[in-house]
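Enquirer: here are the coordinates; sequence isn't available:
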């Protein structure tokens, strides 16, 4: 009986450690995701700005005569 309790205690300790490790990993993944989303928004803003500048430049070019 004591041996079974020791085995159960060890398994429970392993479960606790695994849970802690997974929580830490999950926290890091959430931070990484937030950073990636922030960079994606910044890139979208840059693309939008470049698109607007290009459209403005294109409107200033003389029209091509056929």
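Expert: Yep, that arrived. Note that the structure is a prediction, hence the values are computed from the model and not measured. Numbering: from 1, shown residues only.
Enquirer: for this protein, just list every one of the helices.
Expert: 2-60 (DSSP state H).
Enquirer: quick one, grab the pLDDT at the most centrally placed residue in it.
Expert: Centroid check for the chain by CA atoms, centre = their mean gives residue 33 as the closest residue, at 1.7 Å. What the model reports as pLDDT for residue 33 is 98.
Enquirer: same check, this time on residue 63
Expert: pLDDT for residue 63: 84.
Enquirer: can you give me the neighbour number for it?
Expert: Neighbour count of residue 63, defined by other CB atoms under 10 Å: 5. Backbone N, C-alpha and C define where each C-beta goes, glycine included.
Enquirer: any idea how far it is from residue 8?
Expert: 83 Å (CB to CB, to the nearest Å).
Enquirer: equivalent analysis for residue 35, please.
Expert: Relative to residue 8, residue 35 is positioned 41 Å away (CB to CB).
Enquirer: before we move on, what about residue 20?
Expert: 19 Å.
Enquirer: and residue 56, by the same measure?
Expert: Between residue 56 and residue 8 the distance is 71 Å, computed by CB to CB.
Enquirer: likewise residue 21?
Expert: To residue 8, residue 21 is 20 Å away according to CB to CB.
Enquirer: before we move on, what about residue 25?
Expert: Distance of residue 25 to residue 8, given as CB to CB: 26 Å.
Enquirer: and for stretch 3-20, what's in contact with it?
Expert: By CB atoms under 8 Å, 6 or more residues apart in numbering, no residue outside stretch 3-20 reaches it.
Enquirer: how far off centre is it?
Expert: 33 Å (CA atoms, centre = their mean, to the nearest Å).
Enquirer: what about that stretch, average pLDDT?
Expert: Mean predicted lDDT for stretch 3-20 stands at 97.
Enquirer: and it, what's buried?
Expert: For stretch 3-20, burial by neighbour count (16 or more other CB atoms under 10 Å) applies to no residue.
Enquirer: quick check, pLDDT for residue 23.
Expert: 98.
Enquirer: neighbours of it, how many?
Expert: 10.
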